[in-house]
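Turn this into a structure:
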Amino acid sequence: MGRLFGTDGVRGVANSELTPELAYKIGRAGAYVLTCETHHKSKILVGRDTRISGGMLEAALIAGICSVGAEAVSTGVIPTPAIAYLVRTEGFDAGVMISASHNPFEHNGIKFFSGTGYKLRDEIEDKIEEIIAGGLDSVDRPTDEKVGTLVYDTTLCDKYIDFAVSTVKGDLSGIKVAIDCANGASSVTAERALKKLGAEVSVISNKPNGLNINENCGSTHMEQIAEFTKSIGADVGLAFDGDADRVLAVDENGGIIDGDRIMTILALDMKKRGVLKQDTVVATVMSNLGFFVMGEEHGLNIPRTKVGDRYVLEEMLKSGYNLGGEQSGHVILLDLNTTGDGLVTGLTLLSALKKSGKKLSELASLMTVYPQVLINAKVKNENKELYKDDPEITAEIQKLEDEFKSSGRVLIRPSGTEPLVRVMIEGKDKELIKRRATELADLIVKKFG
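Residues are numbered from 1 along each chain as shown. As a prediction, the model looks like this:
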């Protein structure tokens, strides 16, 4: 068996790669590993996004949880960060989210949170995999009154909304906001939270049908929120992904405000208020060069990590920082939640906007975006790492690094969640870097697609 857990839980095409049988095993092994040292009937929180396969996988996963004697509490549709928040505030031993985030509807995923609200460490995921690979023979199967139970509690979503609202000091009255819910989990939270804070809200892509999550909408398709924001004369637009752990914005002119620019605005606001710990914001190697230039200009320390929110979080926890994130809009405000939280990030951005008295385009202009091109080379999943050992491809990468070393940079990396090798080049000439990135991506596809 290959490794189940990727950079963000277990992912795959639902009912093909991620089957109900596998979900049952993951629920059974995961519940055992995460609760075997407790001395009471363990409680595990389970949530899902709006995908058609969510109910099927949830039923199988919960069966596995109950088979080890734990109590499963189902919230129904809810954002991923809500699970992280509720696990640690409502006395759960662990939490599970069923979602494939920004991926198309046919995909799904399973990720665990510990009782402290953090995603699992590698060694715990390895233990779960070890037990599954061993046929789950070591896992108890209680009977009689010790069999696990299932409880439904949709009121927990209300507690998360109340928490998100509480993170804003004052209100958001006077701000006209457009939101794109990606036909995903934010459909049940974002509009309600914004209206509680007094914002004027207009919504699109908030009618999920199981098949339309992330379909030409949300944070992976920003053209829709850009056009909608301009058409209604909103001050700002917010676009969430399918499980609402990330958010991107557009300004009043429809200009895209990516994660780097959101972190710029939040970091400078937090520094001004004296709450940015060590004047530091953690980013990944994928952040735009302009972000690091902005940091130098404004006295910010910006350490870089590998791509993936787990690596950003590791650096934040290790060094005591409270702000970090990715260009994709996965922003971690560690004083507020233990994972990326699209709603809380969006509300914090709106609060900073209102306090500034400026337009969002003005705040975003504090960072200059250097031309950047990202081309995805689609390969077979098992071939994602092979380009690193191919002489022709490594020679081409070296040529590119030499070409752009004085006025840009080159970054090639396999996706942690999809069958892709990502080719990113930054430089002054957008047409040139696009051509070079496409040439390399085509070569990778030719060899390993």
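
Angles on the backbone of Arg11, please.
phi -130, psi 150 (degrees, to the nearest 10).

what's the helix or strand for the nearest residue to it once chain neighbours are set aside?
Leaving aside its chain neighbours, Arg11 sits nearest to Gly109 (4.1 Å; criterion: C-beta to C-beta, 6 or more residues apart in numbering). Heads up, the C-betas are built off the backbone N, CA and C, glycines and all. Here Gly109, judged by DSSP states H and E, is contained in strand 107-114.

quick one: that strand to chain centroid distance?
Distance of strand 107-114 from its chain centroid, counting by C-alpha atoms, centre = their mean, to the nearest Å, is 12 Å.

Spatially central, which residue of this structure would that be?
In the chain, the residue lying closest to the centroid (C-alpha atoms, centre = their mean) is Asp245, at 4.5 Å.

That one reaches Ile78, doesn't it?
No: using C-beta atoms under 8 Å, Asp245 and Ile78 do not qualify as a contacting pair, with a distance of 11.4 Å.

Mind splitting this structure into its structural domains?
The record's domain parsing of the chain by automatic domain parsing lists 10-154, 159-364, 372-448.

With respect to Leu4, which of those lies nearest?
The closest of those to Leu4 is domain 10-154. By C-beta to C-beta, the value is 5.0 Å.

From one end of the closest one to the other, what's the distance?
Domain 10-154 has an end-to-end distance of 25 Å (C-alpha to C-alpha, to the nearest Å).

now swap in stretch 282-300 and tell me
10 Å.

Now stretch 6-26: buried residues?
When burial is assessed from 16 or more other C-beta atoms under 10 Å, stretch 6-26 yields the following buried residues: 6, 8-12, 14, 18-20, 22-26.

Which residues does that stretch contact?
Residues external to stretch 6-26 that are found in contact with it (C-beta atoms under 8 Å, 6 or more residues apart in numbering): 4, 51-53, 56-57, 59-61, 63-64, 67, 97, 100-101, 103, 106-112, 119, 128, 132, 136, 308-310, 416-417.

Likewise for stretch 367-377?
Stretch 367-377 has contacts (C-beta under 8 Å, 6+ apart) with 258, 260-261, 264, 288-291, 293-294, 408, 415, 420-430, 433-434, 437-438, 440-442, 444-445, 448-449.

Among those residues, which ones are in strands?
Leu420, Val421, Arg422, Val423, Met424, Ile425, Glu426 (DSSP state E).

Drop anything exposed from the residues you listed.
Burial by neighbour count, judged by 16+ other C-beta under 10 Å, picks out Leu420, Val421, Arg422, Val423, Met424, Ile425, Glu426 from the ones in strands among the contacts of stretch 367-377.

For Ser173, see how far away the third one is.
Okay, so that is Arg422. Distance check for Arg422 against Ser173: by C-beta to C-beta, to the nearest Å, it reads 41 Å.

Turn the buried ones among the ones in strands among the contacts of stretch 367-377 into CSV, including pLDDT and distance to Gly254.
Output for those, formatted as CSV (pLDDT from 0 to 100; distance: C-beta to C-beta, whole Å):
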residue, pLDDT, distance to Gly254
Leu420, 94, 28
Val421, 95, 31
Arg422, 95, 26
Val423, 95, 28
Met424, 92, 24
Ile425, 93, 26
Glu426, 90, 24
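
Walking through the stretch 251-400 of the chain, point out its strands one by one.
Using DSSP state E, counting those that start in this stretch, the strands of the stretch 251-400 of the chain run over residues 256-257, 283-284, 304-305, 323-325, 331-333, 372-378.

Would you mind finding the most buried of the ones you listed?
Among the strands of the stretch 251-400 of the chain, judged by mean count of other C-beta atoms under 10 Å, the one packed with the most neighbours on average is strand 323-325 (a mean of 27).

Between the two ends of stretch 350-361, how far is it?
End-to-end span of stretch 350-361 (C-alpha to C-alpha): 13 Å.

For that stretch, buried residues please.
In stretch 350-361, counting by 16+ other C-beta under 10 Å, buried: Leu350, Ser351, Ala352, Leu353, Lys354, Leu360.

Pull the residues that contact it.
168-170, 172, 174-175, 177, 199, 235-236, 249, 251-253, 255, 257, 265-266, 269, 362-363.

Just the closest of the buried residues of stretch 6-26 to Glu315, please.
Nearest to Glu315 among the buried residues of stretch 6-26, with distances taken as C-beta to C-beta, is Asp8, at 16.9 Å.

Which phi and psi values does that closest one adopt?
Dihedral pair for Asp8: phi -140, psi 60, per degrees, to the nearest 10.

now do Gly427
phi -170, psi 180.

tell me the contacts of it?
The contact partners of Gly427, taken as C-beta under 8 Å, 6+ apart, are Tyr370, Pro371, Phe404, Ser407, Gly408, Ile433.

ok, so what distance separates the closest residue to the third one other than its chain neighbours from Leu323?
For Phe404, ignoring the flanking residues on the chain, the nearest one in space by C-beta to C-beta, 6+ apart is Gly427 at 5.1 Å. Noted for Gly427: a distance of 28 Å to Leu323, by C-beta to C-beta.

go on, Glu200?
Relative to Leu323, Glu200 is positioned 28 Å away (C-beta to C-beta).

swap in Leu317?
Leu317 is 13 Å from Leu323, by C-beta to C-beta.
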